[in-house]
Structures are given as structure tokens and as C-alpha cells.
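In: Sharing a model prediction with you, sequence too.
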Amino acid sequence: MYHLSIVTPEKIFYEDEVTSLIAPGSEGYLGVLTDHAPLITALVPGKLTVKDQKNQELFFSVGGGFMEVLKNQVTILAHSIEFINDIDLERAKRAMDRAKQRLRSREQGIDIPRAMTALRRAENRLHLYDEILTKQ
């Protein structure tokens, strides 16, 4: 087992001893087990799967960030994160519509990279909601 800390700009979101995790790295999904080699990687919007001490899987929607693995301590600095069970489907749909509208807009001053990031986060939430919650 190792210690996992998930931190957002607002708070410590999750902290516990875990047996494994699978994270959406910038080069693809990657797994972390006990005694993993040191690593720092960017995270992209995707599903974060964590196995806790009782070997139960916890599913999170992560909106990007960074992950550091060092001496059986994993720290995730997440731009945004939520338990998949806490996804607000209507809010995610509205966020996706807003992001698409901004990207279609020809107005000056539109922050295209920010709108693209918002779109990816919303699409990720909707995908994970469908993948996990509608299958239960």
C-alpha cells in the first residue's frame, strides 16, 4: 500500500492509503502500484480509478493536472476532480454547450485554449457518467 493525496486549488479532496490507481496521463493511462519508480506526469481529463485498502474501486472524474510518485507517496494536483457518482449531468451538458458556443463564436477575446479545456472536461464528465452510472 501507499499514501495517496488528491489536492485541488480549493482543498485536500481525498487522502488515504491505497493499493493501486490508474490515471489518465498525458501519454495515455498509467497504473501505479506500491514501490513504483519516481515519476512526474501531466494528467488530462479522464477517469481516475483507485483501489482502496478494502480493495474497493473508487471512480473519479479528473479535469487534468499533475501527478507525482515518490517513495510510496502519490500526490495528484488536480485542476478539478469529483467522484463519478457526484457528476451533475445537467450542469455538464450546460458546460459543454457553453464551451461549444464559445468555440463557434468569432468574437475577439475568446480564450480558445480555455474553451477547449472546458469542452474536454465536460465531455469527460458526460462520458464517465454514461460509462459508470448508467451501467449500474
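Out: Structure received.

In: show me where pLDDT drops low in this structure?
Out: Residue ranges of the chain with pLDDT under 70: 106, 133-136.

In: cutoff 50 now
Out: Within the chain, no range satisfies pLDDT under 50.

In: Tell me how it divides into domains.
Out: 2-83, 87-133 (automatic domain parsing).

In: out of those, deepest packed?
Out: domain 2-83 (a mean of 16; mean count of other Cβ atoms under 10 Å). For glycine as for every other residue, the C-beta is placed from the backbone atoms N, C-alpha and C.

In: and the end-to-end length of that domain?
Out: Domain 2-83 has an end-to-end distance of 20 Å (Cα to Cα, to the nearest Å).

In: With stretch 77-89 instead?
Out: 24 Å.

In: Could you do stretch 68-84 as well?
Out: Stretch 68-84 end-to-end distance (Cα to Cα) = 22 Å.

In: starting at the chain centroid, how far to that stretch?
Out: 9 Å (Cα atoms, centre = their mean, to the nearest Å).
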